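Engineer: Turn this into a structure:
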Amino acid sequence: MNNPMPPEAVVQKQLDAYNARDLDALLRIYADDVQLFEHPARLLASGTDEIRERFSLRFQELNLHARLSHRIVMGQIVVDHEQVTRTFPEGTGTIELVMIYEVRGDRIARAWTLPGPRILDSEP
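Structural biologist: Got it, this is the predicted structure:
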């Protein structure tokens, strides 16, 4: 029997797929019944079909990139502090996020996002 991947390796694989905009690789990391919440309990997406729809739109942003600032691992929970470059309706910029992942086996079962402030790029 194979040992499951360590939770931090599962989350890193997810971050790498996100930055590569590899939707198929990303979806393989999430459990079929995954739930994504805005912390603490606002459901944003449930199941891989809704995750696919959410990330399909996000991956259209040409400047999309998540940079990991810090990671904490405690058992099956992984907490990432990230700076994400995005294109917002108001323009390009970054957003600070805390992402909390609950890993079961080799897949992410639940995730919570805590969005921080958006910082728009300066006008030219």
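Engineer: To what extent is Gln14 buried, counted in neighbours?
Structural biologist: As a burial measure, Gln14 scores 24 neighbours (other C-beta atoms under 10 Å). Placement of C-beta: from N, CA and C, glycine included.
Engineer: before we move on, what about Ser56?
Structural biologist: A count of nearby residues for Ser56, using other C-beta under 10 Å, gives 11.
Engineer: which parts of the helix or strand in which it is found are buried?
Structural biologist: Secondary structure assignment for Ser56, by DSSP states H and E: helix 47-58. Within helix 47-58, the residues that qualify as buried by neighbour count (16 or more other C-beta atoms under 10 Å) are 48, 51-52, 55.
Engineer: Identify the single longest helix in the chain, thanks.
Structural biologist: helix 7-20 (DSSP state H).
Engineer: List of residues touching it?
Structural biologist: Here helix 7-20 makes contact (C-beta atoms under 8 Å, 6 or more residues apart in numbering) with 5, 25-26, 29-30, 55, 64-66, 68, 71, 73, 75-78, 80, 101, 103, 106-108.
Engineer: From those, keep the buried residues only.
Structural biologist: Judged by 16+ other C-beta under 10 Å, buried ones among the contacts of helix 7-20: 5, 26, 29-30, 55, 64, 66, 73, 78, 80, 101, 103, 106-108.
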